[in-house]
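In: mind folding the following:
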Amino acid sequence: MTDPNSRAELEAVKNRKFRALARHAYAHAPYYANIVRGRAIDLNTCTPSDFPVLTKSLLMANFDDIVTDPRVSKQAVADFLSRSTDPKELLFDEFTVMHTSGTSGEVGYFLYAPADHARMRAAAMRNRDAYRNLFPRSRLRLRRIRVAFYGATGGHFAGVTSIASLQQGVRRLFINAQAFEVNTPLPQVVERINQFQPDMLWGYTTALKMLGEEQRAGRLDIKPAAVAATGEMVTTADMQFLSAAFRGAAASSIYACTEHMMLGISNPGTDTMTLMDDDLVFEFYEDHSLITNLYNFTMPLIRYRMSDILRPVSAPGARRIVIENLVGRTEQMPVFVNSAGATDFISPHTINEIFVDGVTRFQMQITGPSSFRFPICVDARLDSARRTAAAAGVKARLTEILQQKGLSNVAFEVPIVADIALNERTRKFQLITRNAGDA
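Out: You can find the predicted model right below:
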């Protein structure tokens, strides 16, 4: 099938893809079968707007009735995540599993089968011109491209899972990809990246800016051809800083998430971004977005609610949707004082990727320069012993994170609470707050 040349042609193709997804969901996912019957939806003419909004809470509450493979269950995924921290390991040797709490603090599981990945890669090929911004060739030599990712690496997270995919199959013949743990003390990371000398540097926005400061100070000395920031809000000033710090590297902003993977890439020299919507349907609202994923048949996400605020700037009917580059996702950076009196940070992504079976939501409430509170909500079905075990599991993971970063002196508590309140002023949830009163 040739690529659609106009917006109308693209929408027609996407409608056909959506109806194929809806028929599959109706046949294999009781959650969607009930919706189709209850709303009398015609699967031959339906569009996403015929379906209700799907939130992460609804997804997790109806997980077993939404996944379309009978081997997959919420408990099977939880058991897998409890024992596996290798992003290359697959559930049942087949399914890529990822988890995140994101900025909502609410844990979610997301899966992709090989056929889902194939559809995702096909969509990427149709947007290959945009990916050239991430792989400029002019400064590369005749060898494997060295790609460094600076982010959370010790589990089934979206960023490191993507990097792991570059280390497998035919791609590893052309790409030498390495991941560097964002929770490692910064001097150690600088030393290792200096040794690696990447051609491409990808990672979380704030973390990359810290590497940029190390580069400007002379402690980091690398010459990447491209730098790509993701996972947090990226401003034009951020990209200008990264480009200047890394000696004129092409700086880009990547819009991606665990639920849908790649969603958009910034346009060079502008403050805009082009959405990769060949297999995604976007609905824009003032304070959130709804996204329908057309390639994931294992876990159909129809009108999935995201807190991201997307503001289109392209003309109606344009072949590609262009948005303002500022995707509305940001979190405070937890900074603590260690036993030597020096400060170091913990990436918000290290916090939002915490997984302990039975824990459904959490928040970091910073209470002092070397202390914080970490309330958790747990599954209501847990008995007293399992509630205690869940809290102990979170304590153990936080202790590990602090030790890894050289912050073992930081004190914290993990109370089990019935709910975690929204910010009283913004009425939005904050994953990280400055003190308990800000929650």
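In: quick one: least confident helix or strand in the protein?
Out: helix 128-131 (a mean of 66; mean pLDDT, DSSP states H and E).
In: so residue 386 is in which element?
Out: helix 384-404 (DSSP states H and E).
In: show residues contacting the following helix or strand past that helix.
Out: Next along the chain after helix 384-404, taking DSSP H and E as the criterion, comes strand 411-413. With CB atoms under 8 Å, 6 or more residues apart in numbering as the contact definition, strand 411-413 has outside contacts at 370, 371, 372, 373, 374, 395, 398, 402. For glycine as for every other residue, the C-beta is placed from the backbone atoms N, C-alpha and C.
In: name the member of those with the most neighbours.
Out: residue 372 (24 neighbours; other CB atoms under 10 Å).
In: same question for the helix or strand where that one lies, mean pLDDT?
Out: Element membership of residue 372 [criterion: DSSP H and E] is strand 371-373. Mean pLDDT, strand 371-373: 96.
In: which elements pack onto it?
Out: strand 364-368, strand 411-413 (3 or more CB pairs under 8 Å, 6 or more residues apart in numbering; DSSP states H and E).
In: buried residues in the shortest one?
Out: Think strand 411-413. For strand 411-413, burial by neighbour count (16 or more other CB atoms under 10 Å) applies to residue 412.
In: okay, now the sheet partners of it, with direction.
Out: strand 371-373 (parallel) (DSSP bridges).
In: hang on, the earlier thing: can I get the helices and strands packed on strand 371-373 in a markdown table with mean pLDDT and distance to residue 150?
Out: As requested, these are exported to a markdown table (pLDDT from 0 to 100; distance: least, CB to CB, whole Å):
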| stretch | mean pLDDT | distance to residue 150 |
| --- | --- | --- |
| strand 364-368 | 95 | 21 |
| strand 411-413 | 97 | 25 |
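In: of these, which is nearest residue 70?
Out: Closest to residue 70 of those, according to CB to CB: strand 364-368, at 37.4 Å.
In: any low-confidence regions in the stretch 251-400 of the chain?
Out: In the predicted model, the stretch 251-400 of the chain carries pLDDT under 70 at residues 326-331.
In: rebuild the contacts of strand 411-413 as JSON lines, extending it with distance to residue 12.
Out: As requested, the contacts of strand 411-413 are exported to JSON lines (distance: CB to CB, whole Å):
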{"residue": "370", "distance to residue 12": "59"}
{"residue": "371", "distance to residue 12": "57"}
{"residue": "372", "distance to residue 12": "52"}
{"residue": "373", "distance to residue 12": "53"}
{"residue": "374", "distance to residue 12": "49"}
{"residue": "395", "distance to residue 12": "54"}
{"residue": "398", "distance to residue 12": "50"}
{"residue": "402", "distance to residue 12": "53"}
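In: show me which of those is closest to residue 180.
Out: Using CB to CB, the contacts of strand 411-413 come closest to residue 180 at residue 402, 19.0 Å.
In: per-residue pLDDT, that closest one?
Out: So, for residue 402, pLDDT stands at 95.
In: shouldn't it be in contact with residue 410?
Out: Yes - look at residue 402 against residue 410 with CB atoms under 8 Å: they come within range, at 5.3 Å.
In: what helix or strand is the residue nearest to residue 214 when sequence neighbours are not counted on?
Out: Nearest residue to residue 214 in three dimensions, chain neighbours excluded: residue 220, at 4.0 Å (CB to CB, 6 or more residues apart in numbering). Under the criterion of DSSP H and E, residue 220 resides outside all helices and strands.
In: most widely separated two among the contacts of strand 411-413?
Out: 370 and 395 (16.7 Å).
In: distance to residue 60 for the helices and strands packed on strand 371-373 - can I get that in a markdown table?
Out: Below are the helices and strands packed on strand 371-373 laid out as a markdown table (distance: least, CB to CB, whole Å):
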| stretch | distance to residue 60 |
| --- | --- |
| strand 364-368 | 21 |
| strand 411-413 | 26 |
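In: from the centroid of this protein, which residue is nearest?
Out: residue 257 (3.3 Å; CA atoms, centre = their mean).
In: ok, which stretches of this structure are helices?
Out: 7-28, 30-39, 56-61, 63-66, 74-83, 114-125, 128-131, 158-166, 186-196, 205-217, 236-245, 348-352, 384-404 (DSSP state H).
In: could I get the last one in PDB with only the CA atoms?
Out: What follows is helix 384-404 as a C-alpha-only set of coordinates in PDB (Å, rounded to 0.1, in the frame of the first residue of the first chain):
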ATOM      1  CA  SER A 384      -2.400  -7.300  56.500                       C
ATOM      2  CA  ALA A 385       0.700  -9.400  55.800                       C
ATOM      3  CA  ARG A 386       0.900  -8.500  52.100                       C
ATOM      4  CA  ARG A 387       0.300  -4.800  52.900                       C
ATOM      5  CA  THR A 388       3.300  -4.900  55.300                       C
ATOM      6  CA  ALA A 389       5.300  -6.700  52.600                       C
ATOM      7  CA  ALA A 390       4.400  -4.100  50.000                       C
ATOM      8  CA  ALA A 391       5.600  -1.200  52.200                       C
ATOM      9  CA  ALA A 392       8.800  -3.200  53.000                       C
ATOM     10  CA  GLY A 393       9.400  -3.700  49.300                       C
ATOM     11  CA  VAL A 394       9.100   0.100  48.600                       C
ATOM     12  CA  LYS A 395      11.500   0.800  51.500                       C
ATOM     13  CA  ALA A 396      14.000  -1.700  50.100                       C
ATOM     14  CA  ARG A 397      13.800  -0.100  46.600                       C
ATOM     15  CA  LEU A 398      14.200   3.400  48.000                       C
ATOM     16  CA  THR A 399      17.100   2.300  50.100                       C
ATOM     17  CA  GLU A 400      18.700   0.800  47.000                       C
ATOM     18  CA  ILE A 401      18.200   4.000  45.000                       C
ATOM     19  CA  LEU A 402      19.700   6.200  47.700                       C
ATOM     20  CA  GLN A 403      22.700   3.900  48.200                       C
ATOM     21  CA  GLN A 404      23.300   3.800  44.500                       C
END
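In: dump stretch 334-344 to CSV, restricted to CA.
Out: The C-alpha trace of stretch 334-344 is given here as CSV (Å, rounded to 0.1, in the frame of the first residue of the first chain):
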residue,chain,number,x,y,z
PRO,A,334,14.6,15.9,44.1
VAL,A,335,17.9,17.3,45.4
PHE,A,336,19.4,16.1,48.7
VAL,A,337,22.5,16.8,50.7
ASN,A,338,24.7,13.8,51.3
SER,A,339,26.8,12.9,54.4
ALA,A,340,29.7,14.9,53.0
GLY,A,341,27.6,18.1,52.7
ALA,A,342,27.5,17.9,48.9
THR,A,343,24.2,17.9,46.9
ASP,A,344,23.1,15.3,44.3
